[in-house]
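Novice: Okay, predicted coordinates and the sequence, questions at the end:
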Amino acid sequence: MAGERGRGAGTAGEPNRSGAPGGSHAPAGSRAPTGEPSGDALASQLARIGERIRKWREQEGLTLQALGRRAGVATSTVHKIETAQMIPSVAVLLKVARGLGRRPAELVQDGAEEPDAIHVRASRRREVGAPGRMLVERLSGDLFDPVLDMWRVTLYPDHASGTLRYEGEEILVCERGRLSVRVGAREFALRAGDSLHLKASIPHSWSNRGSGPARFTVTGTLPHRFHAALHERLAAPPRAAGPERPR
């Protein structure tokens, strides 16, 4: 791909750890700069990152070329990262993570050292979305490579989610107000306390036809790309406060 070095370095103009453009090769036995992992530790980290990228790429059914196009990097760069033949720049890793629909932190986390229980305090959560239309608050924590996600949604009158469809399941629990849920050709009316468990592979949507806000939780096996996009929104600086949410 134009703009990348032929020897497999990262995209031109992107700084690597040494401050030079692009990535750099990691020949066996080379000594890492002061303050960075060296020897076997560095090689192990690079191998773990490469193996993780390869596994996720194959789970998504992507070829090296397809991931390169998604990430905006050369196919050779993806191959050399997967086989630990180069030290990729931070910018390149960010692009590859986005191409896979993963949070960048997942590339470098050591699953064996990650906690198996996460306490998410109410004071640490915040909502994203459009005040007066739909607000979303993540309730689940950052377990490594999670299977389930849980969100609280506030949907205002005369607004809807748009059609959703992904592999897995979804559970809706209405906490307040009234919620209309269309699943395929069927429609369900949920009131406070009602729940609905559905196959998420069937096209479905939520809407609020009532006079007040509807608040409900969504638990499901959300796709990684959807999870990563919402996580980026949550990681962004908060906007000015909108209308007070219903309690």
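Specialist: Received the coordinates, thanks.
Novice: Can you tell me the element the closest residue to Gln109 other than its chain neighbours falls in?
Specialist: Sequence neighbours aside, Phe144 is the residue nearest to Gln109 in space, at 5.5 Å (criterion: CB to CB, 6 or more residues apart in numbering). (Glycine included, C-beta is placed from N, CA and C.) Assigned by DSSP states H and E, Phe144 falls within no helix or strand.
Novice: how near is Phe144 to Val120?
Specialist: With the distance defined as CB to CB, to the nearest Å, Phe144 ends up 15 Å from Val120.
Novice: how's the protein carved up into domains?
Specialist: As given by automatic domain parsing, the domain ranges for the chain are 24-108, 122-235.
Novice: Please, where are all the helices along the chain?
Specialist: For the chain, applying DSSP state H gives helices covering 39-59, 64-71, 75-82, 90-100, 104-108, 224-235.
Novice: For the ones you listed, could you give me CSV that also reports mean pLDDT?
Specialist: Converted to CSV, these look like this (pLDDT from 0 to 100):
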stretch, mean pLDDT
helix 39-59, 84
helix 64-71, 91
helix 75-82, 93
helix 90-100, 88
helix 104-108, 78
helix 224-235, 57
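Novice: Using CSV, lay out those together with mean neighbour count.
Specialist: Output for these, formatted as CSV (neighbours: other CB atoms under 10 Å):
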stretch, mean neighbour count
helix 39-59, 16
helix 64-71, 18
helix 75-82, 22
helix 90-100, 21
helix 104-108, 16
helix 224-235, 15
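Novice: and Asp149, which of these is closest to it?
Specialist: Proximity to Asp149 (CB to CB) singles out helix 224-235 among those, at 5.9 Å.
Novice: Redo the helices of the chain as TSV? Include distance to Gly168.
Specialist: Listed next are the helices of the chain as TSV, based on distance: least, CB to CB, whole Å:
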stretch	distance to Gly168
helix 39-59	14
helix 64-71	22
helix 75-82	27
helix 90-100	18
helix 104-108	19
helix 224-235	11
